[in-house]
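1. 3D, please:
(chains A and B)
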Amino acid sequence: MTRRRRNLIHKMAVYIGALIVFLIMAFPLYNLFLTSVQRESDVRSPDISFIPEYIMLDHYQTVLSPGHIVPIREAMANSLLVSTLTALITMLLAVPATYALTRMRLRGRNYILLGLASIYLLPTILFVFPLFIQAVRVGLVDTYVGLLIPYVAFTLPFTIIILRAFLQGIPVEIEEAARIDGCNQFQLFFRIVLPLMKPGILAGLLVIFILSWIEFLTPLLFTRDIQILTVVLGLYRSTYDIHLGQMAAAAIIASLPVVLLITVFQRLITRVVVSGGGGE
Amino acid sequence: MHPETRVALALVAPTLIAVVGLFLYPLGLTLVFSFGRVDLATFSVAEFVGFSNYMRIIRDPSFQAIALRTVYFGAFISLATTIIAFLFSLLLNQAFWGRGIVRVAVIVPWAVPSVVAGILWGQMFNAQHGFINGLIRVLGGEGGTIWLGEPMLALHAIIIAETWRGLPLATLVLLAGLQMLPSSVYEAADVDGATAWQKFRHVTIPLMWPLLLPLLILQFVFAMKSFDIIFVLTGGGPRMGTTTLNYYVYQRGLEAFRFGDAAAAAYILTILMLLVIGALAFVRWRQGLREGEAPE
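-> I've put the predicted structure just below:
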C-alpha cells in the first residue's frame, strides 16, 4: 500500500469517526429541539420525520407568555440570582482558603485538602437529611438563604480543588521575587497573586454558576414554594404537564444560558476543570 | 505561633467552619440516626437500637437486589464511559476539518441540566414516538420496544443516559492527557519502525494508564451518586428495577420518612463505594510496584 493511499484511508476513518461522535452526542439534543418546533400532533406521531418539514415557534411563545403553568421567566430570574450569588460567595471563601492551603505556612494543610477531596466524593445523600431537618427547624425552607447555604457548601470543596491545581501551575518564584522586593503579605496577595489567578477565578465562577444552575436535589429538598422555584425544578414540575412540545421548549430555554456559557468559554473552562479532575 | 500561620488560619477559617457545620456535623448526625429510631415529631433519636437498622435492611431480599444492581450499574457506566471517552479523545486528538464543532457537541451535554437530560432521554426512549424506536424502524426493525416499561431495559436506558452525560468530562480529561504525551516517544517509535497499532498498544496505553484508572474510579463514584436522571426518567420503577442504593436512601428518607433506615442505607452505600475505590487503588498500587515506581 502506498503512503498516499494509507493517508487517504486514515483521513476517511477520522471523518467517519468524527461523524459518529457528533451524532452520538448531538442526536438526543436534536430530538429535543425537533420536539420543541413541531406541532403536538406531529410530535406524538409514530411516523418520525428526522428532517422537519416546517419549524414552528408557538411552543416557545406559549411557554414564555405570562400565566403559563411553568412560570419560566420568574424561575429563570430566581436561578440567575441564586447561581450568581452562589458563585460569588463560594469564590470569596475559596480564594483565600486556596492560597493559604497551597502557599502558606500551615501545618496539616494536606489533611485539610484530603478531607475536602473526600467530601467531594462522598454521596450527597449522606449529608442532606440532617441539613434538611435543620432547615425545617430554623425556618430556612423556601428562602433564598436556605438555598444558598447548601449550594455554597456543595460547590466549595470542588472549587478549592480546581483553584489549587491552577495556583500550583503558577511558579512560586514570582511571589518570592516580590517578597524580596519588599512586598508584605497583603500586597503580595492583592497585587501579585490575585492578578495571576484571574483566569482560574473566572473559570471557577463560570463552573460554579453552571453547577448551581443545573443543581436539582437541593432545590427539590429545600423549596416547596413556587415563589422561589429554580428553573430546573420548575421544569421538573412541568413534567406533570402533558404537552411535549411546550416541555421541550421550556427545557431548551432553561438550558440555553449554561449551554451558551460552556460553548463560549469551553477552552478556559476545560483547562481549569480538567486539572482539578472532575465536576459532576 | 508563626505570624504567617495565624494569617493562614484566618483565611481558612470560614471554609473550615462551613465544612464542619455543613458536612461533618450532618455526617455525624446521620451516623447517629443509623443506630436509632428517629422520632418524626421532634426529628431526634427516640431510642438507640444498635445495628438493628443495618441488619433489617441487609436481610431484606429486595435490598440485596438493589445493592447488586447498584454495583452493576456503577461498573457498567464507569467502564462504558471510560472506554468510549478514550476512543473519543483519540479521535479529537487528530487534526481534521470541523474539529471545533465536534468538540462543542461533545462538551455541551455536561452543561445540560440533568432534568433536561431526563426529559430528552424520556423522549428518545418513548415507545410510540421516540427517536430510538424511530431509528430502529428506519433500519428495518420492528421498533415497538417499550424501553422504560420493563425493569432490565429501563435500567440500561438509564445507563445509556448517564454514560452520555459522563462522556464530556471524561473525554476532555483524556484529551488533555493525550496532548501532554511527549512527542519524542512517538518519534523514537517511528525510528524503530513501529506500526500505528504497536504505537497505540505499547506507547499510548501505558502512558495513559495512570490517567485511565483514576478516571474509572471517578466515573464509578459519579454513577453511584446518580439520582436526578433516575428521579425524572423512571422514579426508580418499573417494579423497583431502576432503584439504586442512592435512590433507595432518598425513598426511605423523604418518601417513607424512615430516617433510621435511610441513614443506615446511606452508610452502607458509602462503605460499598469505599470498598470498590480501595480495590481499584490497590490494583494501581500493585501495578506501580511491579513497574518499579516508588510507592507513594
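2. Only C-alpha atoms from now on, for both contacts and neighbour counts.
-> Noted.
3. my guess is B:S52 contacts B:F35, does it?
-> Yes: contact criterion C-alpha atoms under 8 Å: B:S52 and B:F35 qualify, at 7.4 Å.
4. Between the two, tell me which one has more neighbours.
-> Using other C-alpha atoms under 10 Å in any protein chain shown as the criterion, B:S52 and B:F35 rank with B:F35 on top: 21 against 17.
5. Angles on the backbone of the more buried one, please.
-> phi -100, psi 10 (degrees, to the nearest 10).
6. For the closest residue to it other than its chain neighbours, report the pLDDT, please.
-> Once flanking residues are discounted, B:F35 sits nearest to B:G50: 5.1 Å by C-alpha to C-alpha, 6 or more residues apart in numbering or on different chains. Note for B:G50: predicted pLDDT of 88.
7. number of nearby residues for A:R6?
-> Around A:R6 there are 11 residues (other C-alpha under 10 Å).
8. Helix, strand or coil: sort out it for me.
-> Three-state assignment for A:R6 (DSSP: H, G, I helix; E, B strand; the rest coil): helix.
9. next one: A:R107
-> coil.
10. From A:A87, how far off is it?
-> Look at A:R107 and A:A87: by C-alpha to C-alpha, to the nearest Å, they are 29 Å apart.
11. Quickly find the element holding B:V38.
-> Per DSSP states H and E: B:V38 is located in strand B:36-39.
12. in that strand, what counts as buried?
-> Buried residues in strand B:36-39, counted by 16 or more other C-alpha atoms under 10 Å in any protein chain shown: B:36-38.
13. Equivalent analysis for stretch A:45-53, please.
-> A:46, A:48.
14. Looking at A:R107 and A:A87, which is more packed in?
-> Set A:R107 next to A:A87 and count neighbours by other C-alpha under 10 Å: A:A87 wins out with 25 against 12.
15. Who are the contact partners of the more buried one?
-> Applying C-alpha atoms under 8 Å, 6 or more residues apart in numbering or on different chains, we find A:A87 in contact with A:152, A:205-206, A:208-209.
16. picking that back up, tell me which of the buried residues of strand B:36-39 is nearest to chain A?
-> B:V38 (11.6 Å; C-alpha to the nearest C-alpha).
17. who's that closest one bridged to?
-> With DSSP bridges as the criterion, B:V38 is bridged to B:V45.
18. My read is that it contacts B:A263, right?
-> No: between B:V38 and B:A263 there is no contact under C-alpha under 8 Å: 10.2 Å.
19. Tell me if the host helix or strand of A:V272 is near chain B.
-> Element membership for A:V272 (DSSP H and E) is helix A:266-276. Yes: using C-alpha under 8 Å from any C-alpha of the partner chain, helix A:266-276 reaches chain B at A:266, A:270, A:274-275.
20. counting contacts, what elements does that helix pack onto?
-> helix A:144-168, helix A:194-214, helix B:151-180 (3 or more C-alpha pairs under 8 Å, 6 or more residues apart in numbering or on different chains; DSSP states H and E).
21. Can you list the buried residues in the longest one?
-> Along helix B:151-180, the positions that meet the burial threshold by neighbour count (16+ other C-alpha under 10 Å) are B:151, B:153-178.
22. Thought B:G74 was touching B:F220, still the case?
-> Yes: with contact defined as C-alpha under 8 Å, B:F220 reaches B:G74; the gap is 5.1 Å.
23. What about A:I201, how many residues nearby?
-> A:I201, neighbours per other C-alpha under 10 Å, totals 21.
24. What of B:L269?
-> Per other C-alpha under 10 Å, the neighbour tally for B:L269 reads 26.
25. Ignoring the adjacent residues along the chain, who's closest to it?
-> In space, B:L269 is closest to B:L245, 6.3 Å off (C-alpha to C-alpha, 6+ apart).
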